[in-house]
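Q: have a look; sequence and predicted model below, questions after that.
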Amino acid sequence: MNVLLIGSGGREHALAWKLAQSKKLKKLYIAPGNPGTAQHGTNVDIGVNDIDGLVKFAKEKDVSLAVVGPEDPLAAGAVDAFEASGIKAFGPCKGAAQLEADKAFAKEIMHSNSIPTAESRTFDNFEDAKVYIASRDEAIVVKASGLAKGKGVYVCDDPADGIVIAEKIMVDKIFGEAGDVVVVEDKLLGQEASILAFVDGRSIYVMESSQDHKAIGEGDTGLNTGGMGAYSPAPIVTEAVMDQVVKEILVPTVDGMNRNGTPYKGILYAGIMITQGGPRTLEFNVRFGDPETQPILMRLKSDLLEVMLSVCDGRLDEMSMEWDSRPAVCVVMSSGGYPGDYEKGKVISGLEEAGKLEDVVVFHAGTAEKDGDIVTSGGRVLGVTAVGETIAAAKKKAYEAVDKISFDGAYCRRDIADKAIK
Ligand code: AMP
Ligand code: GLY
C-alpha cells in the first residue's frame, strides 16, 4: 500500500526508515520530509499544516494510510480530515489531541480520573494567577496551556519568578493564544522518563521505555531544548514502575478519554517523573517523541506499518511485537548557538562514513540539500543512533559515529546515557 508520512524531523526520518522495511509498503511519500527521509521514499513539497493540500495529494496518489508525525496538524484536525475522505490515518482526532494541545484539558482528565500528577490550578486571567502564585512559598511550574513548541514550561524555584513568567505569558502574550490559559503546578522531584504506547481506542500496547535529555548542557544544565539525546530502555523504569505507569496512568487515561467522548487512538506518550512516591504524570504528548523515537524504533523488530494499521482498525489486541534486547542510544548533533540563534547552511561532512558503521543509523533532522551537499537547516541537525550489547557499548558506538561527522559549529552533549550507566 501507499503511505503518506507527515513531518520533517529526526522522528520522521526514523519513522520513514522503519516503515520502508515493511513488506506491506508499496510507495512511501513524506511531506515535506528531509534529505534523510528521501533515502526511503519520495519527499513531497507540502507543509505539515496544509491539511487540505495533504488530503488532496493522498487522494491523487491512492494513499491508504496517513501517518501524522508532529502535534500541530494533529491538534488542527488532520486525522479527522483524512478519515472524512475515507483515508486511514494514524494519530488521534482533533478532540483527543487536546491531551497535548491543551494542558488545562489534560490536567482535567488527570484530576477527574485520579491519575497521579502534580497538584495544579488553572487560570484564565493574570490577576488571579498572580494572587495564587504570591500565596505559594515552594517551587512551582508555570505552563502555557496551548502548544508553544516545547518552550511554554517554566520551572520556578522562587515562586516570585513565576509571577513574572505568568505575566509574560498571559499579558505580553509571548506565545500568542497558547498563553490565554496558564496551568500552575507544584514542582516534582525525581528522574524523568518517556513511556510511549500504541492505543487503538481500547487496547494499549506499551513500548520499551526511554529517557530524553532536555537541557542543552552536560549534567542537565542550561536552557531546555527539543531534546539532545535519548536512550532505550531506561533502567530507572523498572518492571514495578512500568506496572504502575500502565495501571495508574495509561489505562485510566484511555478509559477517561472514552468517557469524555474523545476516544484515543495513535501514540499516547506519557512524560513521567519518577518521584519517591512513585511515577507522576508531567505531560501527555499525542505523538512519537523526538528524539526518543530514534532509539526505540532501532530496537523494534516487528513491522511498524502492520502495527499502525492494527491501531487504525481497532485490532491492536491481535498484535504481538518483538524487540531487540540490546539497548540503543541517540546523540543529537545541533547547530552552534541552539536553542538560541544559530546559523544555517553549514556543509556537513562524514555522513557516509558514520552511516557505514555496523549497528549505526544517522537520522537527519534539520538538514537540507544544497548544490549536491547536505547542509544544516535547523537547530537539531542529526540524531546519531547506535545499538550495542550494553548501554555503555551503544553509547561508545554512537559517539564513534558522531566523531566522524563534522560541520562548522557542531555541538553535542558528551554525557548522553550516563545516567543509565552509573
Ligand atoms: P511538559 O511539557 O509539561 O512536560 O514540561 C516540560 C519539562 O518541564 C518536563 O520535561 C520537565 O522537565 C519540566 N516539568 C514540567 N512539569 C514539571 C513539574 N511539575 N515538576 C518538575 N518539572 C516539571
Ligand atoms: N522529546 C520530547 C518530545 O518529543 O516532546
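A: Ah, there it is. Ligands and ions are numbered 1, 2, ... in the order given.
Q: let me see the contact set for the residue in the stretch 101-250 of the chain positioned nearest to ligand 2.
A: Closest residue of the stretch 101-250 of the chain to ligand 2, C-beta to the nearest ligand atom: Gly227 (3.8 Å). For the C-beta atoms, the positions are set from N, CA and C on the backbone; glycine is no exception. By C-beta atoms under 8 Å, 6 or more residues apart in numbering, the contact list for Gly227 reads Asp212, His213, Lys214, Gly289, Asp290, Pro291, Glu292, Val332, Arg380.
Q: in strands, which of those residues fall?
A: Members of the contacts of Gly227 lying in strands (criterion: DSSP state E): Asp212, Val332, Arg380.
Q: what's the neighbour count on the first one?
A: Counted with other C-beta atoms under 10 Å, residues neighbouring Asp212 total 24.
Q: ok, it - contacts?
A: Here Asp212 is in contact with Glu192, Ser194, Gly227, Gly229, Ala230, Gly289, Pro291, Glu292 (C-beta under 8 Å, 6+ apart).
Q: which among the residues you listed count as buried?
A: Neighbour counting by 16 or more other C-beta atoms under 10 Å classes Glu192, Ser194, Gly227, Gly229, Ala230, Gly289, Pro291, Glu292 among those as buried.
Q: near ligand 1 too, which of these?
A: Contacts with ligand 1 within those, as defined by C-beta under 6 Å from any ligand atom: Glu192.
Q: ligand 1: which of the contacts of Asp212 is nearest?
A: Taking the contacts of Asp212 together and measuring to ligand 1 by C-beta to the nearest ligand atom, the closest member is Glu192, at 5.5 Å.
Q: what about the closest one, which helix or strand?
A: Assigned by DSSP states H and E, Glu192 belongs to strand 191-200.
Q: now for that strand, which elements pack on it?
A: strand 204-206, strand 211-212, strand 265-275, helix 304-312 (3 or more C-beta pairs under 8 Å, 6 or more residues apart in numbering; DSSP states H and E).
Q: which one of the ones you listed lies nearest to Glu322?
A: With respect to Glu322, and counting by C-beta to C-beta, the nearest of the helices and strands packed on strand 191-200 is helix 304-312 at 10.9 Å.
Q: ligand 1 contacts on the chain?
A: By C-beta under 6 Å from any ligand atom, the part of the chain that sits against ligand 1 consists of 118, 141, 143, 153, 155, 185, 187-188, 192, 214, 271, 282-283.
Q: can you pull the buried residues of stretch 153-162?
A: Per 16+ other C-beta under 10 Å, stretch 153-162 contains these buried residues: Val153, Tyr154, Cys156, Pro159, Asp161, Gly162.
Q: do the same with stretch 240-247
A: Val241, Met242, Gln244, Val245, Val246.
Q: farthest-apart pair in these, please.
A: Val241 and Val246 (9.9 Å).
Q: in the stretch 251-400 of the chain, which spans are helices?
A: 251-259, 293-299, 304-312, 351-355, 391-402 (DSSP state H, counting those that start in this stretch).
Q: counting neighbours, what do you get for the nearest residue to Ala368 once chain neighbours are set aside?
A: Spatial nearest neighbour of Ala368, chain neighbours left out: Ser377 (3.8 Å); criterion: C-beta to C-beta, 6 or more residues apart in numbering. Neighbourhood size, Ser377 [other C-beta under 10 Å]: 20.
Q: that older thread, filter the contacts of Gly227 down to the ones near ligand 2?
A: Applying C-beta under 6 Å from any ligand atom to the contacts of Gly227, those adjacent to ligand 2 are Asp212, Gly289, Asp290, Glu292.
Q: what bridges to the first one?
A: Going back to what we said before, that points to Asp212. Here Asp212 sits in beta bridges with Ala230, going by DSSP bridges.
Q: which strand or helix spans the residue of the stretch 101-250 of the chain closest to ligand 2?
A: According to DSSP H and E, Gly227 maps onto no helix or strand at all.
Q: quick check: it vs Pro295, distance?
A: According to C-beta to C-beta, to the nearest Å, Gly227 and Pro295 sit 11 Å apart.
Q: if we can go back for a sec, closest to ligand 1 out of the buried residues of stretch 153-162?
A: Val153 (3.7 Å).
Q: quick check: phi and psi at the closest residue to Lys130 other than its chain neighbours.
A: Nearest residue to Lys130 in three dimensions, chain neighbours excluded: Ile163, at 5.4 Å (C-beta to C-beta, 6+ apart). Ile163 has phi and psi values of phi -70, psi -40 when expressed as degrees, to the nearest 10.
Q: give the contact list for Gly345.
A: Lys370, Val375, Thr376, Ser377.
Q: any residue of stretch 272-288 touching ligand 2?
A: Yes: using C-beta under 6 Å from any ligand atom, stretch 272-288 reaches ligand 2 at Asn285.
Q: ok, back up a step: so which pair among the ones next to ligand 2 among the contacts of Gly227 is furthest apart in space?
A: Greatest spacing in the ones next to ligand 2 among the contacts of Gly227, by C-beta to C-beta: Asp212 and Asp290 (8.8 Å).
Q: in the stretch 301-422 of the chain, what residue is nearest ligand 1?
A: Scanning the stretch 301-422 of the chain for proximity to ligand 1 using C-beta to the nearest ligand atom identifies Pro339 as nearest, at 13.2 Å.
Q: ok, that residue touching Gly379?
A: Yes: with contact defined as C-beta atoms under 8 Å, Pro339 counts as touching Gly379 (6.1 Å).
Q: okay, and the common contacts of these two?
A: Common neighbours of Pro339 and Gly379 (C-beta under 8 Å, 6+ apart) are Thr225, Gly226.
Q: how many neighbours does the residue of the stretch 301-422 of the chain closest to ligand 1 have?
A: Neighbours around Pro339, by other C-beta under 10 Å: 19.
Q: adding pLDDT, write the ones next to ligand 2 among the contacts of Gly227 out as TSV.
A: Output for the ones next to ligand 2 among the contacts of Gly227, formatted as TSV (pLDDT from 0 to 100):
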residue	pLDDT
Asp212	97
Gly289	97
Asp290	97
Glu292	98
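Q: which among these gets closest to Gly366?
A: Asp290 (11.3 Å).
Q: count the neighbours of the closest one for me.
A: 28.
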